[in-house]
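next comes the sequence, and after it the predicted model I'd like to discuss.
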Amino acid sequence: NAGVTQTPKFQVLKTGQSMTLQCAQDMNHEYMSWYRQDPGMGLRLIHYSVGAGITDQGEVPNGYNVSRSTTEDFPLRLLSAAPSQTSVYFCASSYNAGSGTDTQYFGPGTRLTVL
Amino acid sequence: AQTVTQSQPEMSVQEAETVTLSCTYDTSENNYYLFWYKQPPSRQMILVIRQEAYKQQNATENRFSVNFQKAAKSFSLKISDSQLGDTAMYFCAFTRKGTYKYIFGTGTRLKVLA
């Protein structure tokens, strides 16, 4: 198993550009989520999905879109990048949505810089 | 709203010594889970230990153990026999059972000194 994979590892954007951060898992996990990590602020939940076709907002959803057309993939879209979106982005997945007894597996992260 | 607070931004410990990282949380719920995650310099997030709120017994995983004080809403992590590989950021996290949202603290940077 590759686990949770994220691409790209690094990305530099200009203000106003759009891009998609890719996340995929091969563990047949129902639950997938996106976090951003900023210095001094820990991880904050952006969006999550409890299965194909089902997504919902987390703590900081503004400026981001998601969709879940397959169990394996959960891309995060930035429609018009802003400097405030400079951050490290993590994707995570677990088998049983909503169960704290399941381990969340994290991807290696994407470092995004918006100029 | 639930919150998670880690009041120690940085800590250091000598190799082979014991260190305790603090975490407090605020919730009105009774059924929830608490976690400690480790993030080494590689940036990979790794689950260290998990505690279910309805369990009185403190969780342990090898050299890692927690002191879970439900009434005080405190969830500290004790690392015994610290090793150089324990150098990392440590995050405390909370989730309420049946929800899909995890709340993380701001982290404690731990450095193990040789």
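Happy to help now that I have it.

sec struct for the residue in chain A that chain B sits nearest to, please.
Closest contact between chain A and chain B, by CB to the nearest CB, is at A:Gly100 (2.9 Å). (Each C-beta comes from the backbone N, C-alpha and C, glycine too.) Following DSSP: H, G, I helix; E, B strand; the rest coil, the label given to A:Gly100 is coil.

who are the packing partners of the strand ranked longest in chain A?
As assigned by DSSP state E, the longest strand anywhere in chain A is strand A:42-51. With contacts taken as 3 or more CB pairs under 8 Å, 6 or more residues apart in numbering or on different chains; DSSP states H and E, strand A:42-51 sits against strand A:31-38, strand A:54-57, strand A:64-66, strand B:88-96, strand B:102-104.

contacts only, for the most centrally placed residue in chain A.
Residue closest to the average C-alpha location in chain A (CA atoms, centre = their mean): A:Trp34, at 2.7 Å. For A:Trp34, the contacting residues are A:21, A:23, A:45-48, A:58, A:64, A:66, A:74, A:76, A:89-92, by CB atoms under 8 Å, 6 or more residues apart in numbering or on different chains.

from A:Leu76, how far off is it?
Between A:Trp34 and A:Leu76 the distance, using CB to CB, to the nearest Å, works out to 5 Å.

now do the shared contacts for the two.
A:Leu21, A:Cys23, A:Ile46, A:His47, A:Tyr64, A:Val66, A:Tyr89, A:Cys91.

still on that earlier bit, quick one: the longest strand of chain A to chain centroid distance?
7 Å (CA atoms, centre = their mean, to the nearest Å).

can you count the residues close to the residue of chain A closest to chain B?
25 (other CB atoms under 10 Å in any protein chain shown).

do the same with B:Tyr100
The burial count for B:Tyr100: 19, using other CB under 10 Å.

where's it relative to chain A, distance?
B:Tyr100 sits 5 Å away from chain A when distances are taken as CB to the nearest CB, to the nearest Å.

shouldn't that residue be in contact with A:Tyr31?
Yes. Using CB atoms under 8 Å, B:Tyr100 is in contact with A:Tyr31, at 6.5 Å.

the host helix or strand of A:Arg111 close to chain B?
In this structure, A:Arg111 sits in strand A:110-114 according to DSSP states H and E. No. Counting by CB under 8 Å from any CB of the partner chain, chain B is not contacted by strand A:110-114; separation bottoms out at 8.5 Å.

now for that strand, which elements pack on it?
Short answer (3+ CB pairs under 8 Å, 6+ apart): strand A:110-114 packs on strand A:10-13, strand A:87-94.

just say which of those strands is most tucked in.
Ranked by mean neighbour count under mean count of other CB atoms under 10 Å in any protein chain shown, those are led by strand A:87-94, which reaches a mean of 23.

so is the helix or strand that it is followed by next to chain B?
Next in sequence after strand A:87-94, counting helices and strands by DSSP H and E, comes strand A:105-106. Yes. Contact of strand A:105-106 with chain B is found when judged by CB under 8 Å from any CB, involving A:Phe106.

how about the residues of chain A near chain B?
A:31, A:33, A:35, A:40-45, A:48, A:50, A:56, A:58-59, A:88, A:90, A:92, A:97-101, A:103-104, A:106, A:108-109.
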